[in-house]
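Asker: fold the following.
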Amino acid sequence: MTTDQPVRIGVIGGGFGVQHLQGFGVTENAEVVAFCQRTRDKAEAMAGKFGVPHVYTDYRELLAHEGLDAVSIVAPPHLHAEMTAAALENGLHALCEKPLAMNAAEAEAMLEQAEAAGRVHMTAFNHRHIPALAYMKELMDGGYVGERVLHVESRWFGETRLAPDQTHYWRHARELAGFGILGDIGVHVVDRLRWLIGEFESVWGHADTFIPERKDDRGVSRAVTVDDNFTLFGRLAGGASACIRLSGVARKSNYQNLEIYGDAGMLRFAFDRNVEGWIRGQLWGARGDTRSPEPLEIPERYTRGLDPSDPQRAQGEFIFAALTRVFVDAIRNGAPASPSFADGLAAQRVLDAALHAAEEGQWVRV
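Answerer: Presented below is the predicted three-dimensional model:
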């Protein structure tokens with residue numbers, strides 16, 4: 001690409017697509033020129049809010065938009081493989097939401113197609129750019145907890161799936177979502193542990209569906225065919241043991257934590273929306289003669305440009321924007337980007353194994 005030409009982006013999907021639009025909106029050398037959502041009035045309203053000039057209700061028409069360079073896919077998982085394949089056939093670079101696909105076979109095909117096409121590909125693991133978590137990565141790489149990780153504890157509790165009168169939609173159907181809470185938020189935790197520590201070798205899982213039935217938008221009762229609570233145990237490379245608790249039905253909760261215990265120290269990360277300035281995350285550590293974990297100050301280089309007074313906006317314009325900047329820079333420089341489809345595939349293999357383990361009631365190798 002020429003140095004004075006912006007990367008022209010198309011975004012497919014509303015909902016979380018807001019964060020994609022926010023991220024690209026503040027990314028240098030990027031321009032969102034087209035937006036797609038199935039409902040025309042919603043698509044036009046979203047496009048108008050973000051100043052996007054072209055609106056579509058059929059993603060195939062968006063992909064054929066003249067002069068488009070790349071696409072951001074924010075659709076339900078059962079459409080990811082189909083949309084990505086079509087984007088690559090149109091010569092476009094692709095950023096795709098997580099989980100990358102419905103299963104590892106689909107994710108592997110997506111990676112192979114993107115590599116064969118020579119296009120930049122990324123999986124939207126935006127949480128890597130939470131300031132406290134990014135600093136945790138730096139400390140882990142520097143050996144803060146020691147040479148060997150022994151044990152990992154992680155919990156992510158929310159109440160997004162708690163209300164019994166919540167309308168049945170695609171997230172409640174296995175054939176559309178692939179997974180329940182495991183794929184919705186658990187995939188972020190899996191990616192964190194792979195990124196911070198190493199690969200999963202085997203897993204054990206237990207799934208619950210505490211609200212087994214919901215009414216659709218026509219008032220018809222339909223079965224919920226995915227989990228709303230999941231417990232995952234894992235063995236990681238190097239022998240580390242991991243315990244992960246995930247819930248979308250934890251009343252009055254909106255909290256994440258991650259504790260890593262090594263042979264010389266420990267680190268604790270928290271992302272608690274009830275704490276002032278929560279968008280930065282919090283970090284504690286202990287090593288050597290320290291008797292208990294102490295708060296660790298996050299270096300300014302990880303928070304530069306962050307306005308914590310408006311966390312909803314910061315999620316898109318700061319955290320997600322860190323991801324879109326990597327994507328755009330890679331396209332402009334002809335370089336690979338991370339987290340890539342390879343990271344999405346690796347996480348997908350863990351999800352597949354965990355779901356199989358829950359169904360079979362036994363440990364499963366990844």
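Asker: alpha carbons only for contacts and neighbour counts from here, please
Answerer: Fine.
Asker: can you pull the buried residues of the longest helix seen in the chain?
Answerer: Criterion DSSP state H: the longest helix present in the chain is helix 341-360. Neighbour-count burial for helix 341-360 flags 341-358 (criterion: 16 or more other Cα atoms under 10 Å).
Asker: okay, and the helix or strand of the protein with the least pLDDT?
Answerer: Counting by mean pLDDT, DSSP states H and E, the chain has its least confident helix or strand at helix 311-314, which shows a mean of 94.
Asker: past that helix, which element shows up next along the chain?
Answerer: Next along the chain after helix 311-314, taking DSSP states H and E as the criterion, comes helix 321-333.
Asker: who are the contact partners of residue 54?
Answerer: 33-35, 47 (Cα atoms under 8 Å, 6 or more residues apart in numbering).
Asker: dump those into JSON lines; add pLDDT and neighbour count as well.
Answerer: Shown next, in JSON lines, are the contacts of residue 54 (pLDDT from 0 to 100; neighbours: other Cα atoms under 10 Å):
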{"residue": "33", "pLDDT": "98", "neighbour count": "20"}
{"residue": "34", "pLDDT": "98", "neighbour count": "22"}
{"residue": "35", "pLDDT": "98", "neighbour count": "29"}
{"residue": "47", "pLDDT": "98", "neighbour count": "24"}
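Asker: strands - which of these land there?
Answerer: For the contacts of residue 54, the ones inside strands are 33-35, with DSSP state E as the criterion.
Asker: format those as TSV; extra columns: distance to residue 82.
Answerer: Output for the ones in strands among the contacts of residue 54, formatted as TSV (distance: Cα to Cα, whole Å):
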residue	distance to residue 82
33	22
34	19
35	18
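Asker: list the residues that contact the residue nearest the centre of the chain.
Answerer: Nearest residue to the geometric centre of the chain (Cα atoms, centre = their mean): residue 125, 3.7 Å. Going by Cα under 8 Å, 6+ apart, residue 125 touches 97-98, 188, 191, 339.
Asker: need the pLDDT of it.
Answerer: Note on residue 125: pLDDT of 98.
Asker: from residue 52, how far off is it?
Answerer: Note on residue 125: its distance to residue 52, by Cα to Cα, to the nearest Å, is 24 Å.
Asker: and if you look at residue 136?
Answerer: Residue 136 sits 37 Å away from residue 52, going by Cα to Cα.
Asker: out of the two, which sits in the busier spot?
Answerer: residue 136 (25 against 20; other Cα atoms under 10 Å).
Asker: what mean pLDDT does the helix or strand harbouring that one get?
Answerer: Per DSSP H and E, residue 136 falls inside helix 131-141. The pLDDT scores in helix 131-141 average 98.
Asker: need the contact partners of it.
Answerer: 127-128, 195-197, 267, 269, 280-283, 298-299, 302-303.
Asker: that older thread, which of the contacts of residue 54 lies closest to residue 226?
Answerer: Nearest to residue 226 among these is residue 35, at 29.7 Å by Cα to Cα.
Asker: beta partners of the closest one?
Answerer: Beta bridges link residue 35 to residue 11, residue 55 when assigned by DSSP bridges.
Asker: pull the contacting residues for it.
Answerer: Contact analysis of residue 35 by Cα under 8 Å, 6+ apart lists 10-13, 43, 47, 52, 54-56, 62.
Asker: do that again at 10 Å, thanks
Answerer: Applying Cα atoms under 10 Å, 6 or more residues apart in numbering to residue 35 gives the contacts 9-14, 17, 21, 43-44, 46-47, 50, 52-59, 62, 71-72.
Asker: likewise for residue 111?
Answerer: 81, 84-85, 100, 117, 121-122, 340-345.
Asker: what's the answer for residue 266, then?
Answerer: Counting by Cα under 10 Å, 6+ apart, residue 266 makes contact with 140, 144-146, 149-152, 259-260, 284-287, 292-293.
Asker: quick check: it is in a strand.
Answerer: Yes. Under DSSP: H, G, I helix; E, B strand; the rest coil, residue 266 sits within a strand.
Asker: just the pLDDT for it.
Answerer: Reading off the confidence values, residue 266 has pLDDT 98.
Asker: what ranges do the helices span in the stretch 151-300 of the chain?
Answerer: Here the stretch 151-300 of the chain has its helices, by DSSP state H, counting those that start in this stretch, at 174-177, 181, 187-196.
Asker: okay if I get the ones you listed as a markdown table plus distance to residue 246?
Answerer: Formatted as a markdown table, these follow (distance: least, Cα to Cα, whole Å):
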| stretch | distance to residue 246 |
| --- | --- |
| helix 174-177 | 17 |
| helix 181 | 7 |
| helix 187-196 | 9 |
